[in-house]
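Peer 1: here are the coordinates; sequence isn't available:
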């Protein structure tokens, strides 16, 4: 395994935790998530949340970028290279229940792009497609101070798939 990659896995969370304290006081959280899409497999990406200070309604704007690593047995056998990513902008509403977890629901917009290419016999064929759709989501945030883990389920109409994400916000 690449030593730089392993080093980044340790350094980035420390930097995020150290530099996000001033942001948290302004209602801004940043973090990262690992995702699994029923059609697009495993994905990773950054996430940012901005609390909307409108009368303490518990509303937040949440943006995320997820880069997925799709696999398909037929495409892999043909030597095809497939990529998929999505950009999400959602409004979430916290459901006040008290305790150490905070459920939420939300909706928003999703921009998804898939591309693929294959080379054979000296020819290279490539194609890409992008879609815009709506998101419906629900999730749980755990803890209230410091790193805050979350679990989220999201349905996107852009590619008609369910994505489950877990991660941390700082």
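Peer 2: The structure has been received and is ready for your questions. Predicted, not measured: the structure shown is a model, and the values here were computed from it.

Peer 1: got phi/psi on residue 76?
Peer 2: In this entry, residue 76 is assigned phi and psi values of phi -60, psi -40 (degrees, to the nearest 10).

Peer 1: and it, how far from residue 90?
Peer 2: 32 Å (Cβ to Cβ, to the nearest Å). Where you see a C-beta, it was placed from the backbone N, CA and C, and this is true even at glycine.

Peer 1: can you give me every residue that contacts the closest residue to residue 107 other than its chain neighbours?
Peer 2: Excluding its sequence neighbours, the residue lying closest to residue 107 (Cβ to Cβ, 6 or more residues apart in numbering) is residue 136, at 5.6 Å. Residue 136 sits next to 106, 107, 154, 155 when contact means Cβ atoms under 8 Å, 6 or more residues apart in numbering.

Peer 1: returning to that earlier point: neighbour count winner among residue 76 and residue 90?
Peer 2: residue 90 (22 against 11; other Cβ atoms under 10 Å).

Peer 1: name the element that one belongs to?
Peer 2: Using DSSP states H and E, the secondary-structure element containing residue 90 is strand 81-94.

Peer 1: what pairs with that strand, and is each one parallel or antiparallel?
Peer 2: strand 59-68 (antiparallel), strand 101-120 (antiparallel) (DSSP bridges).

Peer 1: and residue 143, which of those strands is closest to it?
Peer 2: Distances from residue 143 to each of the strands paired with strand 81-94 were compared using Cβ to Cβ; the minimum, 8.0 Å, belongs to strand 101-120.

Peer 1: returning to that earlier point: pick the most buried one from the strands paired with strand 81-94.
Peer 2: When neighbours are counted by mean count of other Cβ atoms under 10 Å, the highest per-stretch mean among the strands paired with strand 81-94 falls to strand 59-68, a mean of 19.

Peer 1: show me the contact partners of it.
Peer 2: Taking Cβ under 8 Å, 6+ apart as the criterion, the residues outside strand 59-68 that touch it are 33, 35, 37, 40-52, 83-94, 104, 106, 108, 163, 165.

Peer 1: low-confidence stretches in this protein?
Peer 2: Counting by pLDDT under 70, the chain shows low-confidence ranges at 1-26, 144-145.

Peer 1: what segments of it are helices?
Peer 2: When assigned using DSSP state H, the helices of the chain occupy the ranges 3-19, 21-24, 73-77.
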